[in-house]
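1. what would the 3D arrangement of this be:
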Amino acid sequence: MTTHRRIVSALVALSIVGAVCGCRTGPICILRPIPHTFSVAEVAGQWIGFTASSTDLSRLDLRADGTGILTQAYTGATNVTTMRFKIQRWDIATNNVLTCIFSPGGADDSLKLAWPVKMICKVTGTQLEALLRNGEGGWKENIVFLREKDFDEKLRVLRQ
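-> Numbers count the residues shown, from 1 in each chain. Below is the predicted model of the structure:
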């Protein structure tokens with residue numbers, strides 16, 4: 001009987017040691033914060049865009065109704081020239097990806113060879129990281145957009 005008690009006592013002691021040692025590890029699940037999903041209202045407004053490879057500037061006007069205008073100013077042969085692209089539709093998908101679909105120009109439009117134009121942006125809140133392109137194998141341009149209001153305020157401070 002004492003042998004039986006010793007075996008039971010040893011098993012109970014091993015169970016207690018196993019339970020105590022097993023509880024020392026941390027939780028298995030890793031908690032990650034849910035990223036903020038930007039709404040149309042948060043992204044709508046005016047943005048100023050820059051490229052890394054040129055002095056060209058862009059102004060993106062995203063309207064709350066899902067339409068807008070992209071205007072680009074670039075240095076032509078003799079002076080600054082502008083191009084305007086009408087945004088037929090824009091929206092925000094999962095992972096804060098903004099997509100702009102542009103309305104094609106008319107048959108007499110000097111930019112008719114540029115179509116179809118599409119822009120995809122990663123929205124971070126303070127900026128839009130955009131890729132403007134006209135299809136697979138066509139031209140493409142990376143543009144970083146900043147809020148026009150913030151940009152104007154910083155320029156005002158720098159000019160003082």
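2. which residue ends up closest to the midpoint of the protein in space?
-> K122 (1.8 Å; Cα atoms, centre = their mean).
3. max-length strand in the protein?
-> strand 80-93 (DSSP state E).
4. so in that sheet, which strands flank whichever helix or strand comes after that one, and in what orientation?
-> Per DSSP states H and E, strand 80-93 leads on to strand 97-102 as the next helix or strand towards the C-terminus. In the sheet, strand 97-102 lines up against strand 80-93 (antiparallel), strand 118-123 (antiparallel) (DSSP bridges).
5. now those strands in CSV, with mean pLDDT and distance to L155?
-> Backbone N, C-alpha and C define where each C-beta goes, glycine included. Converted to CSV, the strands paired with strand 97-102 look like this (pLDDT from 0 to 100; distance: least, Cβ to Cβ, whole Å):
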stretch, mean pLDDT, distance to L155
strand 80-93, 89, 18
strand 118-123, 92, 23
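6. quick check: which of those is buried the most?
-> Ranked by mean neighbour count under mean count of other Cβ atoms under 10 Å, those are led by strand 118-123, which reaches a mean of 19.
7. how about exporting stretch 81-90 as CSV, limited to the C-alpha atoms?
-> Presented in CSV, the C-alpha positions along stretch 81-90 are these (Å, rounded to 0.1, in the frame of the first residue of the first chain):
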residue,chain,number,x,y,z
THR,A,81,1.9,73.7,-70.1
THR,A,82,-1.0,72.0,-68.4
MET,A,83,-2.9,68.8,-69.1
ARG,A,84,-6.3,68.0,-67.5
PHE,A,85,-7.7,64.6,-66.9
LYS,A,86,-11.3,64.2,-65.8
ILE,A,87,-11.8,61.5,-63.2
GLN,A,88,-14.9,59.6,-64.2
ARG,A,89,-14.9,57.6,-60.9
TRP,A,90,-12.7,57.1,-57.9
